[in-house]
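Asker: here is a sequence together with a model predicted from it:
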Amino acid sequence: MDLIKEIILTLSDPDKKEFEQFISRKRPGAMRKDVDVFRKLFSFYNGGKKNEISLVGDQNYHAIRKRIAKSLTNFIILKKSISEQKENKRDGMILMISYFIERKKFQAAWDLLIKEEKNAEKSDNIDLNLKIQRLKLKILPYFNQELFPGIKAKILDLQSKQAKLDQFQLYFIQIKNDLKLKIAEGSVESPTQIIKGALAQYKNLKAEYKNPNIHLKVIEMIRAEYIVNRKFKVFAEVAQKYYQEFSEEAFDDNAQINTYAQIEYIMSYTFLNTRNFKKSLYHLAKLEDLMSKSETVNLNYRGKRMAISSFIQVFDYKIDQAIEQTELFLENESNKITIQENLNLSLNLSGYYIIVGDYSRAIRILNFMSESDKYYQKEMGREWLIRKEMILAIVQTSIGNTDYSIKIMNGIESKHKEMLDVDQYGMVRHFISTIKTYIKNPHEADQKILSQFEEKINLRKERVFRDPRLIIFYAWMRSRYAKRDAYEILMEEYKRIE
């Protein structure tokens with residue numbers, strides 16, 4: 001491996017200048033040739049036209065390369081330790097303590113070790129604490145030997161905890177690989193046997209099956225694997241089987257109440273997305289019970305609970321109630337939820353408004369969302385940003401600002417072109433095309449034209465409308481063509497795909 005090349009390819013132009021100053025700091029004149037060779041290597045490795053061969057043959061070239069390699073290594077170590085200290089990482093202090101030990105400044109080193117040990121224990125940093133105990137051992141032959149039994153006991157305890165953490169990492173990687181295999185085979189079995197079989201292979205984890213953190217991690221892995229493969233209903237089935245097998249024996253530790261809440265939230269959200277509102281409400285009720293027992297859980301999940309609850313109300317012929325409760329929640333609780341939850345609930349509310357034809361309130365919400373696209377994409381993701389723009393286009397169409405609506409939709413197609421090329425989001429283009437068709441000839445647009453369009457794009461509603469938010473868009477659009485109430489159509493379409 002060419003170490004110089006590997007390091008040079010990680011350096012920016014400011015790093016390059018900083019390194020040149022670094023190698024010239026002691027003997028500027030004597031190091032001039034080293035700087036010159038470094039510059040040529042930097043240019044060569046970064047695709048410059050200068051040829052390294054012109055340097056080969058110089059009797060000092062090999063020695064210069066060795067010096068540059070050593071200086072680059074020292075430069076990277078120093079730069080890394082400085083950046084970590086700026087980020088309040090503690091490894092920089094460990095380097096300082098090692099410096100004092102090498103120079104036999106044992107009292108100064110010991111005082112710093114005691115301080116860093118408190119920080120490591122406070123943050124439960126096992127790896128750092130082990131480093132601290134090992135440095136204490138270096139000092140003990142010359143300083144406070146009577147402390148050896150306590151340090152020995154602590155090292156053995158930390159090593160056991162570290163081994164457990166390492167085994168957890170191995171275990172989760174093994175579970176993930178086994179799950180991928182099951183998904184590839186099309187299995188819908190509970191992963192319980194995979195979990196227990198893997199646990200049995202790690203002596204430090206054998207008694208951990210009742211650990212709710214393990215179950216949460218496994219559910220999140222299952223969810224990630226199935227959702228990537230767009231198998232929402234299969235995930236719901238697998239997750240339900242798994243949940244039923246562990247829930248009774250795992251949910252018995254009040255110290256883990258936030259973990260239980262996350263599991264119940266995932267289960268409720270999963271069944272919301274598969275339109276199984278009965279099961280979604282069942283897990284939502286369990287989440288609400290946990291919220292009543294813990295203020296922390298209440299703070300963490302009040303916004304998420306509201307989002308699920310209001311969606312279910314919309315599809316239970318209670319859209320007025322969903323609007324009223326969401327409005328009241330945002331009025332009274334917006335300062336107690338995250339920015340993301342606030343934006344998500346607000347956008348959901350604007351979607352409810354367009355279904356009941358209250359476009360003035362919808363536009364009022366959207367007008368407050370005045371940050372840049374870059375901001376919303378960073379905070380909420382690109383899919384959310386497209387949804388916001390589509391709702392704005394719908395509102396503008398509904399109030400007669402058709403030119404502005406077309407401008408918004410053209411912007412979506414232009415700014416998110418590569419995303420809309422993906423099959424998962426291809427429906428957005430068809431939706432835009434259908435709205436534009438309506439805008440051009442609103443009086444001639446009818447159900448027959450819409451049906452012909454749906455046949456043309458092979459619209460499979462049972463697949464496309466898994467997400468309740470998408471069916472809200474479609475209901476509004478069909479209401480334009482069918483000249484009917486959007487909420488009536490929403491419920492009609494929902495019943496059709498149940």
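Answerer: It's in. Remember, predicted model here, so these are calculated numbers, not experimental data.

Asker: check which element follows the strand or helix carrying residue 233 along the chain.
Answerer: Using DSSP states H and E, the element containing residue 233 is helix 232-250. Note on helix 232-250: by DSSP H and E, the next helix or strand toward the C-terminus is helix 257-273.

Asker: now the angle from that following helix to helix 232-250?
Answerer: 150 degrees (axes from the mean of the first three to the mean of the last three CA atoms, to 10 degrees).

Asker: just the CA coordinates for helix 257-273, please, in PDB.
Answerer: Written as PDB, here are the backbone C-alpha positions of helix 257-273 (Å, rounded to 0.1, in the frame of the first residue of the first chain):
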ATOM      1  CA  ILE A 257     -41.000   2.100  29.600                       C
ATOM      2  CA  ASN A 258     -39.700   4.400  26.700                       C
ATOM      3  CA  THR A 259     -38.600   1.300  24.800                       C
ATOM      4  CA  TYR A 260     -42.000  -0.300  25.200                       C
ATOM      5  CA  ALA A 261     -43.600   2.900  23.900                       C
ATOM      6  CA  GLN A 262     -41.400   2.900  20.800                       C
ATOM      7  CA  ILE A 263     -42.400  -0.700  20.100                       C
ATOM      8  CA  GLU A 264     -46.100   0.100  20.500                       C
ATOM      9  CA  TYR A 265     -45.700   3.200  18.300                       C
ATOM     10  CA  ILE A 266     -44.100   1.100  15.500                       C
ATOM     11  CA  MET A 267     -46.800  -1.500  15.700                       C
ATOM     12  CA  SER A 268     -49.600   1.100  15.600                       C
ATOM     13  CA  TYR A 269     -48.000   3.000  12.700                       C
ATOM     14  CA  THR A 270     -47.400  -0.300  10.800                       C
ATOM     15  CA  PHE A 271     -51.100  -1.200  11.000                       C
ATOM     16  CA  LEU A 272     -52.100   2.400  10.000                       C
ATOM     17  CA  ASN A 273     -50.100   2.000   6.800                       C
END
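
Asker: what packs against it?
Answerer: Applying 3 or more CB pairs under 8 Å, 6 or more residues apart in numbering; DSSP states H and E, one finds that helix 257-273 contacts helix 212-228, helix 232-250, helix 277-293, helix 295-314. Placement of C-beta: from N, CA and C, glycine included.

Asker: any buried residues in it, and which?
Answerer: 257, 259-273 (16 or more other CB atoms under 10 Å).

Asker: before we move on, the earlier item: which elements pack onto the helix holding residue 233?
Answerer: So helix 232-250, by 3+ CB pairs under 8 Å, 6+ apart, packs with helix 192-199, helix 212-228, helix 257-273.

Asker: and those, which one is worst for confidence?
Answerer: When these are ranked by mean pLDDT, helix 192-199 comes last with a mean of 63.

Asker: do I have it right that residue 130 meets residue 160?
Answerer: No - using CB atoms under 8 Å, residue 130 is not in contact with residue 160, being 11.0 Å away.

Asker: phi, psi for residue 338 please.
Answerer: With angles defined as degrees, to the nearest 10, residue 338 sits at phi -70, psi 160.

Asker: so what's the residue lying closest to it once chain neighbours are set aside up against?
Answerer: With sequence-adjacent residues excluded and distances taken as CB to CB, 6 or more residues apart in numbering, residue 338 is closest to residue 303, at 6.8 Å. By CB atoms under 8 Å, 6 or more residues apart in numbering, the contact list for residue 303 reads 333, 337, 338, 341, 342, 344, 345.

Asker: any idea how far residue 303 lies from residue 257?
Answerer: According to CB to CB, to the nearest Å, residue 303 and residue 257 sit 18 Å apart.

Asker: what is the neighbour count of residue 232?
Answerer: 19 (other CB atoms under 10 Å).

Asker: which neighbouring elements make contact with the helix or strand hosting residue 111?
Answerer: Assignment of secondary structure by DSSP H and E places residue 111 within helix 106-122. Judged by 3+ CB pairs under 8 Å, 6+ apart, helix 106-122 is in contact with helix 91-102, helix 126-139.

Asker: please identify the deepest-packed of the ones you listed.
Answerer: helix 126-139 (a mean of 19; mean count of other CB atoms under 10 Å).

Asker: low-confidence ranges, the stretch 51-200 of the chain, go.
Answerer: Along the stretch 51-200 of the chain, the parts satisfying pLDDT under 70 run over 51-59, 81-92, 143-145, 163-200.

Asker: can we see that at 50?
Answerer: Across the stretch 51-200 of the chain, residues meeting the criterion (pLDDT under 50) sit at 53.

Asker: how much space between the residue nearest to residue 338 and residue 326?
Answerer: Taking CB to CB, one finds residue 303 at 11 Å from residue 326.

Asker: same question for residue 472.
Answerer: In terms of CB to CB, residue 472 sits 14 Å off from residue 326.

Asker: just residue 341 next, same as before
Answerer: 12 Å.

Asker: so between the two, which is more surrounded?
Answerer: Regarding residue 341 and residue 326, a neighbour count based on other CB under 10 Å identifies residue 326 as having more, with 22 against 19.
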